[in-house]
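# Okay, predicted coordinates and the sequence, questions at the end:
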Amino acid sequence: MRFSYFNFWVRNVSLFLGFCILGLITLLIDKTYLIYDKQQFFQITFKWGIVFLIAHLQVYLHNVYLYQKFFSKNNIKYIFGTIGLFISYFLINYFTPFKFVQNADIVTMCISIFLIYVVGLGFYYAHKNILERNLLFQNELIGRDEEIRHLKAQLNPHFLFNAMNNLYGTALTDPNETPDKILELSDLLRYQIESSKKENVTLDEEIQFIQKYLNYEQNRIPKLKIDFKTNIFSNQVLLSPMLFMPFIENAIKYCSQTEKPMFILEITSDRKNLDFKIINNFSGDRRKFSGTNTGLSNTKKRLELMYKKRHSLLITESDDLYTVDLNIRF
């Protein structure tokens, strides 16, 4: 178990124990209370522990299973669910010895129970605010790291050296195509620079860039055979820029070192899902081509932060084939 605020169990157990300690302190303030009787100390402590546990569970059920899921989405379910929860708590408080409000009339008891829910909702919003701020902070850090990585790739001497060599070869063999190749390289660099400044781009923009990048790599590595297929429901889907590129770069890097490079890329989407799949072959000895895997590591972090539980990533390796399956749910 990871001991941090963002661990569900640690957070809730700590909050529960905090309220128990606070309640115990309030009891100890009253010198005449029965808790000072050694014979009743553990009995009273156990009783109030159960009282706070019931209150904690009631607030949890309200915040997570009613307010978060139904409030403003299905108000009828929220209202009836809250009324049912309130009645159950009232019955527990009225007919069992585990009373949060002692020796009180019905009106006072109802008001006290209502205030418990209000305080619990306040803690919920405080927790939500902390999570959102933390997520924003981590997204900013990852975004800055990705921007730096993109800028380094743009200024990478090896990348530019290969591009110039390709342009030089084209100028000698087919001068008429040279202007098109220069524009192609210019488009790649321009998209990398502009997209690094955006939070989201459309799927259409990303696919166009991928196609241009694959064309560039095809020209750079003549033996590379690329099979790129798309089946898109809507090109206006928004996603994080350059999200797929580390997988594509990695696949081309390794398959290009084989005798017969195989690179298959499929991007499909419907109303609710976006599927990205790459299959490539690789040589038996990849050690001399190994890198830091910074791009893949950052992409996994970005997926976890931006799509949370709305994505699945499966990377498999077998029979000299490397497969990446990524699914993103809208």
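Ah, there it is.

# how many neighbours does residue 241 have?
For residue 241, the neighbour count with other Cβ atoms under 10 Å is 25. Glycine gets a C-beta too; all of them are placed from N, C-alpha and C.

# repeat for residue 43
12.

# Then residue 329?
Neighbours of residue 329 (other Cβ under 10 Å): 11.

# Excluding sequence neighbours, find me the nearest residue to it.
Closest residue to residue 329 apart from its sequence neighbours, by Cβ to Cβ, 6 or more residues apart in numbering: residue 310 at 4.4 Å.

# For that neighbour, give me its contacts.
By Cβ atoms under 8 Å, 6 or more residues apart in numbering, the contact set of residue 310 is 328-330.

# and it, how far is that from residue 226?
29 Å (Cβ to Cβ, to the nearest Å).

# cool, residue 315 as well?
20 Å.

# Those two: which is more packed in?
residue 226 (17 against 13).

# Can you verify the more buried one is assigned to a helix?
No. Checked against DSSP: H, G, I helix; E, B strand; the rest coil, residue 226 lies outside a helix; its state is strand.

# you'd agree it is up against residue 218?
Yes. With contact defined as Cβ atoms under 8 Å, residue 226 counts as touching residue 218 (5.8 Å).

# Helices of the stretch 51-200 of the chain, start to end?
68-70, 75-95, 106-154, 157-173, 178-195 (DSSP state H, counting those that start in this stretch).

# so who does the residue nearest to residue 312 when sequence neighbours are not counted touch?
Distances taken as Cβ to Cβ, 6+ apart place residue 327 nearest to residue 312, at 4.8 Å, with adjacent residues excluded. Applying Cβ under 8 Å, 6+ apart to residue 327 gives the contacts 273-276, 311-313.

# Restricted to strands, list those residues.
Judged by DSSP state E, strands contain the following of the contacts of residue 327: 273-276, 311-313.

# quick one: low-confidence ranges for this structure?
1-13, 15-20, 22-41, 44, 48, 99-104, 141, 144-163, 166, 285-295 (pLDDT under 70).

# That one - how does it break down into domains?
Domain assignment of the chain by automatic domain parsing yields the ranges 8-133, 140-329.

# Name the residues that touch stretch 77-93?
54, 58, 61-62, 65-67, 70-71, 98-101, 109-110, 113-114, 117.

# Of the residues you listed, which qualify as buried by neighbour count?
Neighbour counting with 16 or more other Cβ atoms under 10 Å marks 54, 58, 61-62, 66-67, 70-71, 98-101, 109-110, 113, 117 as buried within the contacts of stretch 77-93.

# Closest to residue 188 out of the residues you listed?
Residue 188 has its nearest neighbour among the buried ones among the contacts of stretch 77-93 in residue 71, at 46.9 Å by Cβ to Cβ.

# any idea how far residue 124 is from the closest one?
For residue 71, the distance to residue 124 - Cβ to Cβ - is 11 Å.

# just residue 262 next, same as before
For residue 262 relative to residue 124 (Cβ to Cβ), the value is 52 Å.

# Then residue 298?
32 Å.

# And residue 194, by the same measure?
For residue 194, the distance to residue 124 - Cβ to Cβ - is 40 Å.

# okay, the two: which has more neighbours?
Taking other Cβ under 10 Å, residue 194 and residue 124 do not tie; residue 124 has more neighbours (17 against 12).

# so how many other residues sit close to the nearest residue to residue 215 once chain neighbours are set aside?
Residue nearest to residue 215 in three dimensions, not counting chain neighbours: residue 184, with 6.7 Å by Cβ to Cβ, 6+ apart. As a burial measure, residue 184 scores 18 neighbours (other Cβ under 10 Å).

# now do residue 227
For residue 227, using other Cβ under 10 Å, the count is 11.

# Mind listing the residues bridging to it?
residue 264 (DSSP bridges).

# Test my guess that it contacts residue 264.
Yes. Residue 227 is in contact with residue 264 according to Cβ under 8 Å; the separation is 4.6 Å.

# Now render the helices of the stretch 51-200 of the chain as a markdown table, adding distance to residue 213.
Shown next, in a markdown table, are the helices of the stretch 51-200 of the chain (distance: least, Cβ to Cβ, whole Å):
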| stretch | distance to residue 213 |
| --- | --- |
| helix 68-70 | 41 |
| helix 75-95 | 48 |
| helix 106-154 | 11 |
| helix 157-173 | 11 |
| helix 178-195 | 6 |
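
# which residues touch residue 97?
residue 47.

# Backbone torsions only: list them for it.
Note on residue 97: backbone dihedrals following degrees, to the nearest 10 are phi -70, psi -10.

# Any figure for the gap between it and residue 267?
Residue 97 is 62 Å from residue 267, by Cβ to Cβ.

# Same question for residue 63.
In terms of Cβ to Cβ, residue 63 sits 39 Å off from residue 267.

# for residue 174, same thing?
Counting by Cβ to Cβ - residue 174 and residue 267 are separated by 31 Å.

# So if I had to pick from these two, which one is more boxed in?
More neighbours surround residue 267 than the other of residue 174 and residue 267, with 20 against 11 (other Cβ under 10 Å).
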